[in-house]
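In: structure of the sequence below:
(one chain, ligands or ions: 1)
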Amino acid sequence: MFFKRIQEDIDSFMARDPAARSRLEVVLCYPGFHAIIFYRLSSALWRRRLRLLARLISQFARLLTAIEIHPGATIGARFVIDHGFGVVIGETSEIGDDVTLYQGVTLGGIAPSVDSHTQVDIKRHPTLRNGVIVGAGAQVLGPITIGEGARIGANAVVSRDLPKGVTAVGIPAHPVMPRDRMAAQRFVAYGTPAEGCPDPVLATIETMRAQMSALQNRIGELEARLCEAGSSADDDARDLRADAHDGIPMSTPMAAVGDHRRR
Ligand SMILES: CC(C)(COP(=O)(O)OP(=O)(O)OC[C@H]1O[C@@H](n2cnc3c(N)ncnc32)[C@H](O)[C@@H]1OP(=O)(O)O)[C@@H](O)C(=O)NCCC(=O)NCCS
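Out: Numbers count the residues shown, from 1 in each chain. So this is what the prediction gives:
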């Protein structure tokens, strides 16, 4: 199991970093990969309640890689930390499968120093669902959930839940939806789909504008048809009045007018 996970991790670096030329290069030159190996070891010790030893291994890994992953964090398969310098992953973080982080990312608590004794063993770090990408320098804070396949822009600060598939940027992070939802489901190196990611509010306004213009056209058509129907009915009525004037009883032509209108 341990070695299968490691193999998958190497494959994930190959798949997600355009700069990775070979598996050997990943094994030798990727601090993110080294940090993950140390994490898998320290996490196994943490779960066996060898907590101090687990922390020592995690601190040694931090010394080597400048990536700090608390052994109590839960991390799924095919995890990639690209570059990785300055990444901090807190104790109660939960990370799904196929997640990618870049350098300088924090998965942290909102205020760990305030009443810290009341926060012991309480969930205070984020949960990242499968396929999440977190851009360089982003800070994801609090026991929030980042939905499956969501992307967090470089240097964003996220302290609220993000729904599935959303791209969020800025401080505080606000969501912007990718134009092509299929593209959001595929991994894109650096989390950047080529098509850009338009604002969902703008997209909704555009849709409403298109619907309003379709409705305006339809109303115009109906008005024109109503006018046509009205003018031909007026013509018929005029003819019938002329016939009545020539001696035909009124009751017959009025019924005929009614029939014509119904038709
Ligand atoms: C968030 C991200 C995935 C969006 O990429 P994209 O889909 O190509 O989006 P675009 O570049 O078209 O940007 C869409 C809008 O969001 C803005 N935007 C994009 N990224 C942003 C960020 N990190 N912070 C603030 N605004 C950002 C753009 O300026 C643009 O706004 P505009 O329409 O007003 O001009 C990408 O910009 C990003 O931050 N990726 C992380 C990359 C990273 O960490 N790389 C490190 C590699 S070493």
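In: tell me how far residue 51 lies from residue 70.
Out: Plainly put, residue 51 is 11 Å away from residue 70 if you go by CB to CB, to the nearest Å. Using the backbone N, CA and C atoms, a C-beta is placed for each residue, glycine as well.
In: around residue 169, how many other residues sit close by?
Out: A total of 18 residues lie near residue 169 under the criterion other CB atoms under 10 Å.
In: is it in a bridge, and if so with what?
Out: For residue 169, the beta-bridge partners under DSSP bridges are residue 174.
In: contacts only, for residue 152.
Out: 132-135, 138, 140, 146, 158, 162, 167-169, 173, 191 (CB atoms under 8 Å, 6 or more residues apart in numbering).
In: ditto for residue 70
Out: Contact partners of residue 70, counting by CB under 8 Å, 6+ apart, are 58, 89, 90, 91, 93.
In: show me what the strand or helix carrying residue 206 packs onto, helices and strands only.
Out: Secondary structure assigned from DSSP states H and E places residue 206 in helix 200-245. On a contact count with 3 or more CB pairs under 8 Å, 6 or more residues apart in numbering; DSSP states H and E, helix 200-245 meets helix 251-262.
In: so, low pLDDT: which residues of this structure?
Out: By pLDDT under 70, the weakly predicted segments of the chain are 177-200, 203, 244-263.
In: interface residues of the stretch 1-150 of the chain facing the ligand?
Out: 83, 102, 135, 136 (CB under 6 Å from any ligand atom).
In: run the last query once more with 8 Å
Out: 82, 83, 102, 103, 133, 134, 135, 136, 137, 138 (CB under 8 Å from any ligand atom).
In: and those, which is closest to residue 226?
Out: Among those, residue 133 lies closest to residue 226 (CB to CB), at 55.6 Å.
In: correct me if wrong: the closest one contacts residue 148.
Out: No - taking contacts as CB atoms under 8 Å, residue 133 lies outside contact range of residue 148: 11.4 Å.
In: so if I had to pick from these two, which one is more boxed in?
Out: Taking other CB under 10 Å, residue 133 and residue 148 do not tie; residue 133 has more neighbours (28 against 18).
In: all set, thanks.
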